[in-house]
Structures are given as structure tokens and as C-alpha cells.
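Engineer: structure for this input, please:
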Amino acid sequence: MNKGLYIHIPFCQRKCRYCDFFSVTDLTLAEDYIKALIRNIKAYGETFNTVYFGGGTPSLLTAGQIYDILSAANITTNAEISMECNPNSADKKYLSELRTTEVNRLSFGIQSLNDNELHALGRLHNSAEAIAAVQNAHAAGFENISADLMLATPGQTMNSLNDTIERLCQLPLTHISAYMLKIETGTPLAADEKLLQTLPDDDEEAEMYLLTVNLLKEKGFAQYEISNFAKAEHECRHNLKYWHCEEYLGIGTGAHSYLNGVRFEVPKNMEDFLKSERQQEVITDSVPGSLSERLMLALRLSEGFPISEAEEYANKLISAAAPMEKAGLLKISEDRIALTPEGFLVSNEIILRLTESI
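Structural biologist: Next up is the predicted model:
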């Protein structure tokens, strides 16, 4: 079976105030980093039908550098090749050049179309730049474009969220990812007590999530995962590999993999990655793909979990799920248990209860 390829690009112009991902701002390391990516891709020798450039900020690399990286990989015909972009690092010229590579899906880190909210998050773009980036990408020939939207941010209200979604849906987007802001320890945002006081409370968070689900549905974006919404036939094929418990290879500092029956990660050490002939693999799970793991991942999806996969535990699973169905948190069909939007809000608790039943 063809696998997915995740390529981590750890470079950023500057770190966002809420971000605790591994990234560096020294772009002089980029050329050596690309060489290391290329020799690692070649060393594994796998064949891929999805590729995902994540970060960091992949759009800080030139189109030529992206082309060179992709040229090192064995990629099938009609592969989905996604790349994350920041609106401020993807102008019209850059997007036109990028279209000449094999990249055919873009994911813009927009987060909000309210300038005050963008400023609070420490984003480098404003709403006008975000709108222009999507429009320029479409004009350059990209037909599969996604946008990230962040919920429950400092100063965000139901009205400002509604306005952002309405304006996003006027753009030529095929996919929207909507994530709740997490306040990560050690980030500048976590230390800003004044700004933290402007965060929506738990009830408002729930209302914002359900508003997002319902409004996007009205606009033709069907929810297919807790945080992901797509127009017909535009679900992210690469990310579905994660939730379907399929194998993928991650290349780069901090990248994770599920390959040849094990899960492993690459240490977040730039020096080691640059000088090593092959990236270090730190095993995180030597026996992945357990029933509990498959259940947990499948319940993130709107399609849910096929009960037949847990045939010997089916009665226990259904019994555990029944009270939650009455509460409107999930639905039990002939061979599926699937969470509702209300259930997605408390998915961790539901998944814990169901996995304990098998």
C-alpha cells in the first residue's frame, strides 16, 4: 500500500505567541536542512500517494527548493501534495512559481479575519493579506485550498467569529480546519495575564464550536473530523491516513512516523539532523494499531468506528455507548458508533469510556 510522506519544515520568521512547536528562525540553515531532507527521503525508498509539508512555515522555502525535495521522492500519479503557507510569505509571484511544482493543495494559516484577534495571536499578516493570499493562489491555478481557523482566541466573540466564517466562505476555499486555541505552558501568550482575561469561557467555547459546525454546514462544508470541514471530495487525503491508522513516514526534526509496524519520532535536534546520514528514529510505540487506538482515532471522524472491528466486544461497546446516545452525544447505527458535534466537544471523555469497555 502506498504511504503518506510528512515533511517538517521548522523555519519561521518569528514564533507566534501561542505556539510551542519546534521551530527555528535561522534561515541560513535552510540549504543544509534541505540536503538532509533529500538524503533521508532517498534512504527510505518508499512510494507515496500523499505528501504534506508542515511547519514551521514551509512557504519560507523557495519554489525551487520545494521542487528539489519532491524530486527526491517516489510519488504516484494523482498524488495529493499539500503545503502549509503563511499569508505574509506567499505573494502572487511566489504562488505562481509554486504552481509549477507538483504541489496541488495549499493550507493557509489564516486563523481569523479580525485584525485585533490576529494581533493578539502574534500573527504576521492582517485580514486583507489573508484574503489576497487565497485569491492569488486561486488565480495561480490552485483549485484545492484550505484555511486554518482558530476558535476561542483572546477577544473573540460570537459576532466576530460569525463574521470571519462568513467572509472565509466567500473565498475560493475547498476545506477549512477549525481548532480551539490551546494555551501552552511557556509560551508568551500563557504569560500575558491581561490578554488571558479576554478569553471566552467554557460555555462560550462550546457555543463557538457549534456555531462553526452549523454555519460551515450551511455553506457547503461538511464536517468529516472533529476539527475539519470540506466541500465534496476535498477531504485531506493525507490527514485521513492518520485517523484511519495507515502508515506514513515523517522526515525532519520532530517529525513522527508510523512505518513498518512501529511508531517513531525524530529528535528535535537540528544539529544532529543536519550532520547524520540518516535521521535518528526514537521508537514511541513498538506495537501500534491496537483496537483501542483504532477506536480512538476512528471516533475523531464523523464516519465513526465500525462495530464489526470489535466483534467480540460489540455488546459491551454498544452498552457503554447507549446512555451517551440518549444524551445526544453519539449515534449508534447498524455497524457504526459516531460522535455528534455535541459529542465532539467532550470527545476525550467519551473515547475514554468506550475504550474502557473493550
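Engineer: all helices of the stretch 251-358 of the chain, in order?
Structural biologist: Along the stretch 251-358 of the chain, counting by DSSP state H, counting those that start in this stretch, helices occupy 270-275, 291-298, 314-326, 341-344, 347-356.
Engineer: can I get those in a markdown table with mean pLDDT?
Structural biologist: Below are the helices of the stretch 251-358 of the chain laid out as a markdown table (pLDDT from 0 to 100):
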| stretch | mean pLDDT |
| --- | --- |
| helix 270-275 | 96 |
| helix 291-298 | 95 |
| helix 314-326 | 96 |
| helix 341-344 | 97 |
| helix 347-356 | 95 |
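Engineer: among those, which comes closest to Ala130?
Structural biologist: The minimum distance between Ala130 and the helices of the stretch 251-358 of the chain falls on helix 341-344, with 25.9 Å, by Cβ to Cβ. Backbone N, C-alpha and C define where each C-beta goes, glycine included.
Engineer: what's the most buried one of the helices of the stretch 251-358 of the chain?
Structural biologist: Of all these, helix 341-344 has the most neighbours on average by mean count of other Cβ atoms under 10 Å, namely a mean of 19.
Engineer: do I have it right that Ile318 meets Glu311?
Structural biologist: No - using Cβ atoms under 8 Å, Ile318 is not in contact with Glu311; the gap is 11.7 Å.
Engineer: now render the helices of the stretch 251-358 of the chain as CSV, adding distance to Ala139.
Structural biologist: What follows is these, written out as CSV (distance: least, Cβ to Cβ, whole Å):
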stretch, distance to Ala139
helix 270-275, 36
helix 291-298, 37
helix 314-326, 47
helix 341-344, 34
helix 347-356, 38
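Engineer: between the ones you listed, which one is nearest to Ala43?
Structural biologist: The closest of the helices of the stretch 251-358 of the chain to Ala43 is helix 270-275. By Cβ to Cβ, the value is 13.0 Å.
Engineer: quick check: phi and psi on the residue nearest to Pro306 when sequence neighbours are not counted?
Structural biologist: Nearest non-adjacent residue to Pro306, counting by Cβ to Cβ, 6 or more residues apart in numbering: Asp335, 5.4 Å away. For Asp335, the backbone dihedrals (degrees, to the nearest 10) come out as phi -140, psi 30.
Engineer: residue contacts, Asp335?
Structural biologist: Pro306, Ile307, Ser308 (Cβ atoms under 8 Å, 6 or more residues apart in numbering).
Engineer: which SSE is immediately downstream of the longest helix belonging to the chain?
Structural biologist: Taking DSSP state H as the assignment, the helix of the chain that covers the most residues is helix 202-218. Scanning forward in sequence from helix 202-218 by DSSP states H and E, the next helix or strand is strand 222-225.
Engineer: so what's the gap between the helix or strand of the chain with the lowest mean pLDDT and the chain middle?
Structural biologist: Sorted by mean pLDDT, DSSP states H and E, the helices and strands of the chain end with helix 193-196, the least confident at a mean of 88. Relative to the chain's own centre, helix 193-196 is displaced by 27 Å; criterion: Cα atoms, centre = their mean, to the nearest Å.
Engineer: tell me the buried residues in that helix?
Structural biologist: Across helix 193-196, burial judged by 16 or more other Cβ atoms under 10 Å covers Leu195.
Engineer: got the CA coordinates for that helix in CSV?
Structural biologist: Taking Å, rounded to 0.1, in the frame of the first residue of the first chain, the C-alpha atoms of helix 193-196 are listed here in CSV:
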residue,chain,number,x,y,z
GLU,A,193,-2.4,37.7,32.2
LYS,A,194,-4.2,40.8,30.8
LEU,A,195,-4.9,39.1,27.4
LEU,A,196,-5.9,35.8,29.1
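Engineer: residues in contact with Asp32?
Structural biologist: Contacts of Asp32 by Cβ under 8 Å, 6+ apart are Leu274.
Engineer: that one: which element?
Structural biologist: Asp32 belongs to helix 30-44, assigned by DSSP H and E.
Engineer: what are the buried residues along that helix?
Structural biologist: Within helix 30-44, the residues scored as buried using 16+ other Cβ under 10 Å are Ala30, Tyr33, Ile34, Ala36, Leu37, Ile38, Asn40, Ile41, Tyr44.
Engineer: would you confirm that the fifth one contacts Ile251?
Structural biologist: Yes - taking Cβ under 8 Å as the definition, Leu37 is a contact partner of Ile251 at 5.6 Å.
Engineer: which residues are common contacts for those two?
Structural biologist: Ile7.
Engineer: does Leu199 belong to a helix, a strand or coil?
Structural biologist: coil (DSSP: H, G, I helix; E, B strand; the rest coil).
Engineer: list the contacts for it?
Structural biologist: Neighbouring residues of Leu199 by Cβ under 8 Å, 6+ apart: Ala152, Thr153, Pro154, Leu181, Ile183.
Engineer: just the buried ones from those residues, in ChimeraX syntax?
Structural biologist: In ChimeraX, this line selects whichever of the contacts of Leu199 come out buried by 16+ other Cβ under 10 Å:
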select :152,153,154,181
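Engineer: and which of the contacts of Leu199 is nearest to Leu173?
Structural biologist: Proximity of the contacts of Leu199 to Leu173 (Cβ to Cβ) peaks at Thr153, which lies at 19.7 Å.
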